[in-house]
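# Structure of the sequence below:
(one chain, ligands or ions: 2)
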Amino acid sequence: MKRILVTGGAGFIGSHLCEKLLNEGNEVISLDNYFTGSKSNIVHLMDNPFFEVIRHDVTMPFFIEVDEIYNLACPASPIHYQYNPIKTVKTSVMGAINMLGLAKRIKAKILQASTSEVYGDPQIHPQKEDYWGHVNPIGTRACYDEGKRVAETLFMNYHQQNNVKIKIARIFNTYGPRMHPNDGRVVSNFIVQTLNQKDITIYGDGQQTRSFQYIDDLLAGLINLMETGDDFIGPVNIGNPTEFTILELAEKVIAMTGSKSNIIYKPLPEDDPLQRKPDISLAKKELNWEPHVELDEGLGKTINYFDKLLSKS
Ligand code: NAD
Ligand code: UDP
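Ligands and ions are numbered 1, 2, ... in the order given. Model (predicted):
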């Protein structure tokens, strides 16, 4: 049995990861400050004696004895990470320093939840790990993108200077149950809008693309990455390479919910990437991993989740 710390354990991805790691027979500690996460995401795990919940902010040092650390703490949706941009940078940078310092001291393996946003508005398509990216350092997305880029730098530096065992996952757009209904991300927005028979808001002309990965596929990729040998550190893309325009996504959600919602168009936010699709050859080779859940199947499960959630409220 391993003892595993998950920072951001009460968030969308973190709560699913805690659940899966517990189901696989590990002892799991969730560390979270509940900025965007919530206890309701993990309440069903709390009667498990091998699960512990700690309220803590990763910008402050933290000490514990564990074998592995998944560092997920960071708001991920644009409206949340832009709410307090200075705090977002601190969470990525101070959070990485604190967790890497901990990993160094206790000789734990540590995985960083990095992001496709390190590629910014990419000029190379699809994106491979050796692409350095195209990020505006002073734009509205910079607090998130640059914070995550510095976190990657810190991970590499702690590895090279202090022999810390690191893994870096570049996660592409992920969706599924337990996304926050008001966090403004496109999948949750479109589903909540259609279920409420409200207009669907497309930003820009809807021709920008994203490649959507279902949560279960991501979890398998993250755990496979953590289990690779010490010589593989990444960064490695973890995402679903099937690319859709945002208009196609809107039409799919309308069809699947049978909603009468109309599509309306709003201005495209500053620095919104025009295209995004992972090249996953490295993950296939090194993690023996590829995604299996197609958009229709994953959307169906996510629509069911939001349907139940909205009928309760
Ligand atoms: P989320 O907002 O649901 O989860 C983030 C969690 O971190 C929340 O529980 C929040 O309360 C916690 N948190 C935030 N700041 C903290 C702090 N200072 N101290 C302690 N806890 C803090 O987002 P998510 O979608 O679950 O994302 C999890 C991680 O995965 C993030 O690091 C994000 O950057 C990364 N990621 C997510 C996606 C995606 O599509 N969901 C894509 C790329 C990368
Ligand atoms: N988007 C949209 N309508 C919405 C929410 C988002 O058209 O109600 C667009 C957004 O402008 C972006 C894409 O959908 O082009 C994905 O947005 P999201 O915030 O989910 O993720 P990210 O931009 O971080 O990839």
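# closest point of the stretch 1-150 of the chain to ligand 2, which residue?
Using Cβ to the nearest ligand atom, the single residue of the stretch 1-150 of the chain nearest to ligand 2 is Pro78, 5.0 Å away. Glycine gets a C-beta too; all of them are placed from N, C-alpha and C.
# roughly how far apart are that residue and ligand 1?
11 Å (Cβ to the nearest ligand atom, to the nearest Å).
# number of nearby residues for the closest residue to ligand 1 within the stretch 201-313 of the chain?
Using Cβ to the nearest ligand atom, Gln213 is the residue of the stretch 201-313 of the chain that sits closest to ligand 1, at 7.6 Å. Residues lying near Gln213 (other Cβ atoms under 10 Å) number 26.
# Can you classify the nearest residue to it once chain neighbours are set aside by secondary structure?
Closest residue to Gln213 apart from its sequence neighbours, by Cβ to Cβ, 6 or more residues apart in numbering: Asn240 at 4.0 Å. For Asn240, the assignment made with DSSP: H, G, I helix; E, B strand; the rest coil gives coil.
# Touching, Asn240 and Ile215? I think so.
No. Using Cβ atoms under 8 Å, Asn240 makes no contact with Ile215, being 11.1 Å away.
# Between the two, tell me which one has more neighbours.
The neighbour count for Asn240 versus Ile215, taken as other Cβ under 10 Å, is higher for Asn240 (27 against 23).
# In terms of pLDDT, where does the more buried one sit?
Predicted confidence (pLDDT) for Asn240: 98.
# and the stretch 51-200 of the chain, which residues reach ligand 2?
The stretch 51-200 of the chain has residues 77-78, 173, 184-186, 189 near ligand 2, with proximity defined as Cβ under 6 Å from any ligand atom.
# quick one on the thing from earlier: let me see the backbone angles for the residue of the stretch 201-313 of the chain closest to ligand 1.
Backbone torsions of Gln213, given as degrees, to the nearest 10, read phi -110, psi 130.
# Could you pull up the residues touching it?
171-175, 238-240, 291, 293 (Cβ atoms under 8 Å, 6 or more residues apart in numbering).
# So which residues of the stretch 201-313 of the chain form helices?
Secondary structure of the stretch 201-313 of the chain (DSSP state H, counting those that start in this stretch): helices at 215-226, 246-257, 281-287, 295-312.
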